[in-house]
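Colleague: how would this look folded up:
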Amino acid sequence: MRDDAGYLLDMLLYAASFLAGLTWEQFENSRLHQNAVIKAIEIIGEEDIAPDPCGAS
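Modeller: Numbering: from 1, shown residues only. Predicted coordinates:
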């Protein structure tokens, strides 16, 4: 299992990929990009708490 810092870095890097080429003002006015960033953070965060389907720990 990875440490928390690794998951946080993954969340930040993945979320940042949706922001390439956007200014802060464009991001503020784009619900699409805001929701994409939020969902990316949620998905990666869930990987840490989701049970392993194979039962490994």
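
Colleague: switch to C-alpha atoms for all contacts and neighbour counts from now on
Modeller: OK.

Colleague: does residue 19 count as helix, strand or coil?
Modeller: coil (DSSP: H, G, I helix; E, B strand; the rest coil).

Colleague: And the pLDDT at it?
Modeller: Model confidence at residue 19, given as pLDDT, is 87.

Colleague: residues contacting it?
Modeller: Listed by CA atoms under 8 Å, 6 or more residues apart in numbering, the contact set of residue 19 reads 27, 33.

Colleague: any idea how far residue 3 is from it?
Modeller: 25 Å (CA to CA, to the nearest Å).

Colleague: residue ranges for the strands of this protein, please.
Modeller: Under the criterion DSSP state E, the chain contains no strands.

Colleague: residue ranges with poor pLDDT in it?
Modeller: 1-2, 47-57 (pLDDT under 70).

Colleague: One more pass at 80, please.
Modeller: 1-4, 7, 11, 44-57 (pLDDT under 80).

Colleague: Select the longest helix from it.
Modeller: In the chain, taking DSSP state H as the definition, the longest helix is helix 31-49.

Colleague: In it, which residues are buried?
Modeller: Applying a neighbour-count criterion of 16 or more other CA atoms under 10 Å, the buried positions in helix 31-49 are 33, 36, 37, 40, 41, 44, 45.

Colleague: and of those, the nearest to residue 15?
Modeller: Residue 15 has its nearest neighbour among the buried residues of helix 31-49 in residue 37, at 4.8 Å by CA to CA.

Colleague: Grab the nearest non-local neighbour of that closest one.
Modeller: residue 15 (4.8 Å; CA to CA, 6 or more residues apart in numbering).

Colleague: ok, the one you found touching residue 44?
Modeller: No: contact criterion CA atoms under 8 Å: residue 15 and residue 44 do not qualify, at 9.8 Å.
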